[in-house]
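J.: Kindly generate the corresponding structure for this input.
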Amino acid sequence: MKLKEGTVKVLIKYIKNTFWMISEKVVKIIFAIIMARYLGADSYGLLMYAYSFVFIFSPFFSLGLDTVTEKHLISSPKKEKTYLATVFFMKVVGSSIAFIFIFISWLFLPTGQEDKILIGLLGLSFFFQQVSVFDLFFRANILAKYISFAKFSGLLVKGFIIVVLLYLDASLIWFAASYAIETFISFIITGIFYYKKRRETRGTLIDFKLINKLITESLPLMFAGIAIVLYSRIDQIMLKHYLSSSAVGVYSVAVQLAESWYFVPIAIASSVFPAIVKAKKKSEELYYQTLHYFSGITITFSFLVILIFVFFGKSLILLLYGEDYIGVSTVLSIYSFAGVMAAFGVFWGKWVVIENLQLFQFYMQVGVAVLNIILNVTFIPYWGIEGAAIATAVSYTLGFVLTGALSKKLRKMTGIMLASIFTLGLYPFFKYQLKKYI
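T.: Purely as a prediction, here's the structure:
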């Protein structure tokens, strides 16, 4: 198949954009592996418990605004300044609410002072990460290299701090502080890049009428986000309650490795999101073909990852994390099956926003969260960390399939999902032509 010169140029632009996003994530994973290996299961478990606790409040930091705002920046570039200023204001308010909830929860936490300090510092990290609305501008304009450079800079500073802290055998509190320093540096550098690249557009800085519109669109996504963080992090909090910090550390490593490739579908979906929105404007047929094609790529990749983790998981654990985490391999194999739905779920989320079906996304995620909590409560006392992995894989799969089957509005995308899964993601490669998607 011969592609036109213009098509090739745009395709290369998408590939470069994806490469920058993937590179930043790879470096982040490397630093996480270093920390897990040298801190040990118990200390790393405490840090991940604090991180999971703060992560539960993350939807209040973001308010579900990211994909919604990105969609409007693509379709209405002349209103860029108004959208970014308004969303920044909304996120600052949301972050303040999140901190209030975190502080209130401290009153009921059966933990020591160190755990509360860890949670506070990691909360600060989430604040700088979420209020950085400049990322949305760069993603909407396929300029991910600026985001990646900013995050690389923060990561390098964090990496240097981690090396020094490990050498000094420092307190875990200082490791948590390195997360806040990393996101603060990235926030400042991204802001500088935006100041240089911004468009000279008209508009008020904060549009309070726009706030109502954005809240209407994003609120279901925020509540869906709450459900997502509950079923993605509640298992680690429950493991500390039922078992120990060491169990959290071991399980966290399994989750970290099983999800280490999730940045691939996220990067691909973020890079091609402008193409998906443009395809929607041209025709419904082209729109769904585009979704099918790119989601098929990620599903094929997910099955390859499963094979690697099932057959080589134990060797990878020993090589990357050491003897402390030898019991992770079984959990890794089980948890990796959730990756198929995670890969498709990224494109499902984009589709939901474009179609304004955020309420259905909320219903689905609530169903998954409730099922996941029930299964965790049932499985963890009997099967420990393996039970937590089974609960996640089962609830994730059933949530997508059942919700899609029960709602007429979701069935078309559910059909695309099932066709891709049953053909290992290869079906769209044979049916469609790549040149239609650019």
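
J.: residues of the helix or strand hosting residue 175 that come out buried?
T.: Using DSSP states H and E, residue 175 sits in helix 172-197. Within helix 172-197, the residues that count as buried by 16 or more other Cβ atoms under 10 Å are 172, 175-187, 189-190, 193-194. Where C-beta positions appear, they are placed from N, C-alpha and C, glycine not excepted.

J.: Repeat that for stretch 390-405.
T.: Buried residues in stretch 390-405 (16+ other Cβ under 10 Å): 390-400, 403-404.

J.: Which single one of these is nearest to residue 309?
T.: Checking the buried residues of stretch 390-405 against residue 309 by Cβ to Cβ gives residue 393 as the nearest, at 12.3 Å.

J.: list the contacts for that closest one?
T.: 334, 335, 337, 338 (Cβ atoms under 8 Å, 6 or more residues apart in numbering).

J.: Out of those, which sit inside helices?
T.: In this view, the contacts of residue 393 that belong to helices under DSSP state H are 334, 335, 338.

J.: In TSV, list those along with distance to residue 94.
T.: Listed next are these as TSV, based on distance: Cβ to Cβ, whole Å:
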residue	distance to residue 94
334	35
335	30
338	28
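
J.: pLDDT score for the residue lying closest to residue 405 once chain neighbours are set aside?
T.: Among residues not flanking residue 405 along the chain, residue 414 sits closest, at 6.5 Å (Cβ to Cβ, 6 or more residues apart in numbering). Model confidence at residue 414, given as pLDDT, is 74.

J.: how deep is residue 344 tucked in, by neighbour count?
T.: Taking other Cβ atoms under 10 Å as the criterion, the count of residues near residue 344 is 26.

J.: tell me which of the buried residues of stretch 390-405 is nearest to residue 31?
T.: Closest to residue 31, out of all of the buried residues of stretch 390-405 and judged by Cβ to Cβ, is residue 392, at 24.4 Å.

J.: Isn't the closest one up against residue 338?
T.: Yes: at 5.4 Å, residue 392 and residue 338 qualify as touching, with contact defined as Cβ atoms under 8 Å.

J.: any weak-confidence spans in the stretch 201-350 of the chain?
T.: 201-204 (pLDDT under 70).

J.: then stretch 263-272 to PDB, C-alphas only?
T.: Provided in PDB are the C-alpha atoms of stretch 263-272 (Å, rounded to 0.1, in the frame of the first residue of the first chain):
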ATOM      1  CA  PHE A 263       1.800   4.200  28.800                       C
ATOM      2  CA  VAL A 264       1.900   2.700  25.300                       C
ATOM      3  CA  PRO A 265      -1.900   2.700  24.700                       C
ATOM      4  CA  ILE A 266      -2.200   6.000  26.600                       C
ATOM      5  CA  ALA A 267       0.600   7.600  24.500                       C
ATOM      6  CA  ILE A 268      -0.900   6.200  21.200                       C
ATOM      7  CA  ALA A 269      -4.500   7.400  22.100                       C
ATOM      8  CA  SER A 270      -3.300  10.800  23.200                       C
ATOM      9  CA  SER A 271      -1.200  11.200  20.000                       C
ATOM     10  CA  VAL A 272      -4.000  10.200  17.600                       C
END
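
J.: got the contact list for the spatially closest residue to residue 308 that is not a sequence neighbour?
T.: Leaving aside its sequence neighbours, residue 308 sits nearest to residue 316 (Cβ to Cβ, 6+ apart; 7.9 Å). Residue 316 is in contact with 257, 308, 309, 332, counting by Cβ under 8 Å, 6+ apart.

J.: contacting residues around residue 101?
T.: 57, 60.

J.: Run the angle between whatever helix or strand it lives in and helix 172-197 for me.
T.: In this assignment (DSSP H and E), residue 101 forms part of helix 80-106. Here the directions of helix 80-106 and helix 172-197 differ by 170 degrees (axes from the mean of the first three to the mean of the last three Cα atoms, to 10 degrees).

J.: If I look at residue 55, what pLDDT would I see?
T.: Model confidence at residue 55 (pLDDT) stands at 80.

J.: is it true that it touches residue 234?
T.: No: look at residue 55 against residue 234 with Cβ under 8 Å: they stay out of range, at 10.0 Å.

J.: Output stretch 107-127 as CSV - backbone C-alpha positions only.
T.: This file holds the C-alpha atoms of stretch 107-127, laid out as CSV (Å, rounded to 0.1, in the frame of the first residue of the first chain):
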residue,chain,number,x,y,z
LEU,A,107,-8.5,12.0,61.8
PHE,A,108,-9.7,8.5,61.1
LEU,A,109,-6.4,6.9,59.9
PRO,A,110,-5.1,4.1,62.2
THR,A,111,-1.5,5.0,61.3
GLY,A,112,1.4,6.8,62.7
GLN,A,113,2.7,10.4,62.1
GLU,A,114,5.2,9.2,59.5
ASP,A,115,2.4,7.8,57.3
LYS,A,116,0.5,11.1,57.5
ILE,A,117,3.5,13.1,56.5
LEU,A,118,4.1,10.7,53.5
ILE,A,119,0.4,11.2,52.4
GLY,A,120,0.8,15.0,52.7
LEU,A,121,3.9,15.2,50.6
LEU,A,122,2.5,12.9,47.9
GLY,A,123,-0.7,15.0,47.9
LEU,A,124,1.5,18.1,47.1
SER,A,125,3.0,16.1,44.2
PHE,A,126,-0.5,15.4,42.8
PHE,A,127,-1.4,19.1,43.1
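
J.: any idea how far that stretch is from the chain center?
T.: Averaged C-alpha coordinates place stretch 107-127 at 22 Å from its chain's average position (Cα atoms, centre = their mean, to the nearest Å).

J.: Can you give the contact residues for it?
T.: 46-47, 49-51, 53-55, 57-58, 61, 95, 98-99, 102, 106, 171-173, 176-177, 179-180, 182-183.

J.: which helices and strands does the helix or strand hosting residue 216 pack with?
T.: Secondary structure assigned from DSSP H and E places residue 216 in helix 208-242. Packed against helix 208-242, as judged by 3 or more Cβ pairs under 8 Å, 6 or more residues apart in numbering; DSSP states H and E, are the following elements: helix 5-55, helix 58-62, helix 66-75, helix 80-106, helix 245-258, helix 338-354, helix 358-406.

J.: Could you tell me the angle between it and helix 80-106?
T.: 30 degrees.

J.: Now do helix 208-242 against helix 358-406, angle only.
T.: Helix 208-242 runs at 60 degrees relative to helix 358-406, counting by the same axes, to 10 degrees.

J.: buried residues in helix 208-242?
T.: Buried-residue list, helix 208-242, by 16+ other Cβ under 10 Å: 210, 214, 217-240, 242.

J.: now the helix or strand hosting residue 420, how far from the chain's geometric center?
T.: Following DSSP H and E, the helix or strand that holds residue 420 is helix 411-422. Offset of helix 411-422 from its chain centre (Cα atoms, centre = their mean): 22 Å.

J.: how near is residue 38 to residue 385?
T.: Remark: distance between residue 38 and residue 385 (Cβ to Cβ, to the nearest Å) = 21 Å.
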